[in-house]
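J.: what shape does this take:
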Amino acid sequence: MSLEDGARALLEANTRTGEKDGLTYRFSVPSVRSYPFQWFWDSCFHAVVWSRFDRERAADELRGLLAWQRDDGFIPHVVFWDRSQIRLGQVWHHLESRGRRPRTTEYVQPPVLAQAVERIGGDFARDVLPAVAAFYRYLARARDPDGDGLVSIVAQFESGLDYSPVYSDGARIPRRDPVSIYVHSRRPEVVNKLLGFDLARIFRYTDYHHEDVLFNAIYADGLRALARLAGDDAELAAWAAATADRVTAALVQRSWDEEAGLFFNLVGRNEKRLKHPTIISLLPLLLPDLPAGIADSLIAQLADERTFWTPWPVPSVPRGDRSFAADSHVWRIRLIWRGPCSMNTNWLLAHGLRRHGRDDLADEIAVRSRRLVERGGFNEFYDPLGGRPVGAADFGWATLAVDL
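T.: Presented below is the predicted three-dimensional model:
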């Protein structure tokens, strides 16, 4: 079976259905055993891969997300289609949601929506354009309280990089104590729930929110896709393009660290810069309007064999970093995004490298990514030193290997 056939077979095997308002929706869960719900950015990545084989099925993947969009444009990061899977012991099911048997969470995830819609195109893209635009306008309106152009996440799990050491730094969590890492990572969620998920109060009274580099780079990239999707809607196209320009300018002005040659998150009301190198620091490569000198610096960091250019790139934390854990385990407790590489970030970085004229590095990431899948199957993560699969098996977004 070819890699492409395997990707399609996996997404079909992971396909589930859900009912809402008398309509049936199809979507692929990330992992049947480990992640049995619909996740926002996972489904966007699934739609990208589905668009290679079946555009109508790709559109269905996103229709399931858009079915839960609220009047203000918000789209939740998890939809609990099968509520029988909600577990009392899974604390996050309740911390991130309202009510005893929630239908969705109250959080967002990196906005890869416009990019996925653009890949599908056609009548579907035209039909959902108002909903897609409403989502990006929601982010601009509700998630940028200081008006500096950068949107904020209010819990680390909104970034998609759940236990990245950046968020441990932001919450002053002991870096090598996995129990503390886990417990303290949920503290902001407890506070947010006590505040009724009221964003105005969260921004006013807490310091756990991040102007996250990865989230903002994907947001700006999505705005550029939205501007292209806008077609004859000149006002929307102009707004999306201008907003993307503001995001890039703000990232360069506020998050770029010239001495380190990397971008860093800003945390809290005082916008403290968290100088901890991770894959997050490289993601502005997505931005085609990044100043050439900054792009060159990021590429040099990415290609450095002492840090990010491992035998199986690209690690989520550079090897040699104090937090690096090649197999995701810290004291035998699994904490993801603290070392292993993943196909979704490889896909994003490969796109960024091509935009800055480095097809050679992008091609090498593509070749090694496909070899990882050929050796170990479609997996959530891989050891960047030995290539061993170390995450959930039969994982949906790993199918992005066929789109590199």
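J.: pLDDT below threshold where in this structure?
T.: 87-89, 170-176, 331 (pLDDT under 70).
J.: need the strands for it, in chain order.
T.: Ranges of strands in the chain, per DSSP state E, are 15-20, 23-28, 38-39, 78-79, 210-211, 256-257, 262-263, 266-267, 272-273, 329-330, 333-334.
J.: between these, which gets nearest to residue 394?
T.: Smallest distance to residue 394 across the strands of the chain (Cβ to Cβ): 10.6 Å, for strand 23-28. From N, CA and C alone the C-beta is placed, and that goes for glycine too.
J.: can you list the domains in this structure?
T.: As assigned by automatic domain parsing, the chain contains the domains 1-106, 144-302, 309-404.
J.: mind checking the end-to-end distance for the shortest one?
T.: Think domain 309-404. Terminal residues of domain 309-404 are spaced 17 Å apart (Cα to Cα, to the nearest Å).
J.: which residues in the stretch 151-300 of the chain form helices?
T.: Secondary structure of the stretch 151-300 of the chain (DSSP state H, counting those that start in this stretch): helices located at 165-170, 178-185, 187-194, 199-205, 213-229, 234-250, 292-302.
J.: sorry, slip of the keys, the one I care about is the stretch 1-150 of the chain.
T.: Under DSSP H, counting those that start in this stretch, the stretch 1-150 of the chain gives helices at 3-13, 40-53, 55-66, 91-95, 113-120, 122-142.
J.: give me the contact list for the fourth one.
T.: If I follow you right, that is helix 91-95. 80, 86, 87, 88, 100, 102, 157, 186, 189, 190, 193 (Cβ atoms under 8 Å, 6 or more residues apart in numbering).
J.: among those residues, which ones are buried?
T.: Using 16 or more other Cβ atoms under 10 Å as the burial test, the contacts of helix 91-95 include 80, 86, 102, 157, 186, 189 as buried.
J.: wait, which of the residues you listed is closest to residue 371?
T.: residue 157 (30.6 Å).
J.: hang on, that closest one packs against residue 96?
T.: Yes - counting by Cβ atoms under 8 Å, residue 157 does reach residue 96; the two are 7.0 Å apart.
J.: what do the two both touch?
T.: Here residue 157 and residue 96 have 107, 189 as joint contacts, going by Cβ under 8 Å, 6+ apart.
J.: distance from stretch 357-370 to the middle of the chain?
T.: 20 Å (Cα atoms, centre = their mean, to the nearest Å).
J.: how about the CA coordinates for it, as PDB?
T.: What follows is stretch 357-370, C-alpha atoms only, in PDB (Å, rounded to 0.1, in the frame of the first residue of the first chain):
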ATOM      1  CA  GLY A 357      13.500  30.100  -1.000                       C
ATOM      2  CA  ARG A 358      14.800  27.100   0.900                       C
ATOM      3  CA  ASP A 359      13.300  24.300  -1.000                       C
ATOM      4  CA  ASP A 360      16.400  22.200  -0.200                       C
ATOM      5  CA  LEU A 361      15.700  22.100   3.500                       C
ATOM      6  CA  ALA A 362      11.900  21.800   3.000                       C
ATOM      7  CA  ASP A 363      12.500  18.800   0.700                       C
ATOM      8  CA  GLU A 364      14.800  17.200   3.300                       C
ATOM      9  CA  ILE A 365      12.200  17.600   6.000                       C
ATOM     10  CA  ALA A 366       9.700  16.000   3.600                       C
ATOM     11  CA  VAL A 367      11.900  13.000   2.800                       C
ATOM     12  CA  ARG A 368      12.700  12.300   6.400                       C
ATOM     13  CA  SER A 369       9.100  12.800   7.500                       C
ATOM     14  CA  ARG A 370       7.900  10.200   4.900                       C
END
